[in-house]
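> quick one, what's the 3D model for this:
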Amino acid sequence: MPAPLNPVMTAPEVSAYLDQVFPQIRTNGDDVSVIEVSPGTALVRLNADHKHLRPGGTVSGPTMFMLADLGAYAVILAHIGKVALAVTTNLNINFLMKPAPGALNATAAILKMGKRLVVTDISIRDSQDELVAHATATYSIPPQT
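Predicted coordinates:
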């Protein structure tokens, strides 16, 4: 069994780095936050409001897709450090329920950390802790020079 992954960045450090290299995340305000980082995992929260809704008043699929991708990026950065050019190579998402506006929590976990690829698992839950979406994402890590 592989040794547990230990983070090299805290949640506030990941948040500050995201603000630096991905400032567009704040275009609509402070609705996304990195809440917690622990060995192998990260928790990212989106406070979904009117700008995240689709017709019918539920949180849109693109919003949940963004949250899954951001959760994967956050957990990876937390464990490899400041590597801005880590990029998504694949993301697959299953939408399981139609969440209402409010807090959505994305728990991202590293399934496999290789030298060039990292595979993650992301569960998105609503404020009642119901699983509303599940995703897997693979990121490419640039070679160290």
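> how many other residues sit next to residue 31?
Residue 31 has 16 neighbours, counted by other Cβ atoms under 10 Å. Where C-beta positions appear, they are placed from N, C-alpha and C, glycine not excepted.
> right, and it touches residue 44 too?
No. With contact defined as Cβ atoms under 8 Å, residue 31 does not count as touching residue 44 (11.2 Å).
> adjacent strands (with direction) for the longest strand anywhere in the chain?
When the chain is parsed with DSSP state E, its longest strand is strand 102-113. Strand 102-113 pairs in its sheet with strand 41-48 (antiparallel), strand 117-125 (antiparallel), by DSSP bridges.
> give me the sheet partners of the helix or strand following the last one and which way each runs.
Spelled out, that is strand 117-125. Downstream of strand 117-125, the next assigned helix or strand under DSSP states H and E is strand 131-140. As defined by DSSP bridges, the strand partners of strand 131-140 come to strand 87-95 (antiparallel), strand 117-125 (antiparallel).
> which one of these lies nearest to residue 12?
Residue 12 lies closest to strand 117-125 among the strands paired with strand 131-140, at 21.0 Å (Cβ to Cβ).
> tell me the buried residues in the closest one?
118-125 (16 or more other Cβ atoms under 10 Å).
> that one - what's its average pLDDT?
What strand 117-125 shows for mean pLDDT is 98.
> still on that earlier bit, out of the strands paired with strand 131-140, which comes closest to residue 105?
When these are compared by Cβ to Cβ, strand 117-125 sits nearest residue 105, at 5.1 Å.
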